[in-house]
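Chemist: Got a sequence here, can you model it:
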Amino acid sequence: MTEHRIGTQEEWQAERDELLREEKELTRRGDELARKRRELPWVVVEKDYRFETADGTKTLAELFDGRSQLLVYHFMFGPPYETGCPVCSSIADTLDPQVAHLKAKDAALLLASRAPLEKLLAFRERMGWGIDWVSSGGSDFNRDLGFLYTKEELKPFLEGEIPLTVEQNARLCGTDVEGYVSERPGLSVYALVNGTVYRTYVTTARGLEPAMAYYGLLDRTPKGRDESASRPLWVRRHDEYQAS
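Modeler: A predicted model of the protein is given here:
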């Protein structure tokens, strides 16, 4: 018999109605935060960043591909990696089908990583994605946004107790812990007006959860996320889960 609290339909409905009221409050709060994001001041991007793409070297402005808005997901795939980060791969699974919808709303969406373009495109083919992927390894793009750490900056972390999940993901990427954590995932957003590129928004960590659709769904299941810092991370690249 389950150890979870059991109630009547009437008890469940009463508590569900109260929860729905709180969910609606959260939705309204989310709408307010979205408005505040749009009202953030824009920052002119003054550096001449260059990116290696499947169609040759391009500037940041050229990555807009005729749109006025650009979203860049900073995918953890550093030069020493043999393959892409499993968690970033799960995010790309969500992002890939959104490209067409965002294009219809005047927004381009792509992935950017510091690994050589050949590695990125080969991994994209393996994963079956169609989303554009560019190499930013020849510029300070990631560093300027806070998505790349130096060895000196990582020293306190590397000298401490390394979390199990970090060791696991480093191994799954074919690199060591330092190589793995020198990269950081993130999302940066830009606007293009009269030839000038503006940075409008940047986020990382749990700010990326809207692109991790499975978490929103798991949050609605009886077991929830069922994770802890002391347990191995369950997320894998989608072609690595055992068939069940």
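
Chemist: ranges for the helices of the protein?
Modeler: When assigned using DSSP state H, the helices of the chain occupy the ranges 9-38, 86-95, 99-104, 117-127, 141-145, 151-158, 164-172, 177-181, 213-218.

Chemist: between the ones you listed, which gets nearest to K47?
Modeler: helix 141-145 (6.9 Å; C-beta to C-beta). Yep, even glycine has a C-beta here, placed from its N, CA and C like the rest.

Chemist: mean confidence for the closest one?
Modeler: Helix 141-145 carries an average pLDDT of 97.

Chemist: That one: how far from the chain's middle?
Modeler: Computed by C-alpha atoms, centre = their mean, to the nearest Å, the separation of helix 141-145 from the middle of its chain amounts to 15 Å.

Chemist: cool, and stretch 225-232?
Modeler: 20 Å.

Chemist: do the same with stretch 61-70
Modeler: With C-alpha atoms, centre = their mean, you get 20 Å for stretch 61-70.

Chemist: Stretch 119-126 now?
Modeler: Per C-alpha atoms, centre = their mean, the centroid offset for stretch 119-126 relative to its chain is 17 Å.

Chemist: Just the buried residues of it, please?
Modeler: K119, L120, F123, R124 (16 or more other C-beta atoms under 10 Å).

Chemist: ok, the residues you listed vs L60, which is closest?
Modeler: For these, the nearest to L60 is L120 (17.4 Å; C-beta to C-beta).

Chemist: Give me the nearest residue to that closest one, chain neighbours excluded.
Modeler: Ranked by C-beta to C-beta, 6 or more residues apart in numbering and with sequence neighbours excluded, the top spatial neighbour of L120 is W133, at 4.7 Å.

Chemist: just to revisit the earlier point, among the helices of the chain, which is nearest T200?
Modeler: helix 9-38 (8.2 Å).

Chemist: tell me what that closest one is packed against?
Modeler: With contacts defined as 3 or more C-beta pairs under 8 Å, 6 or more residues apart in numbering; DSSP states H and E, helix 9-38 has no helix or strand neighbours.
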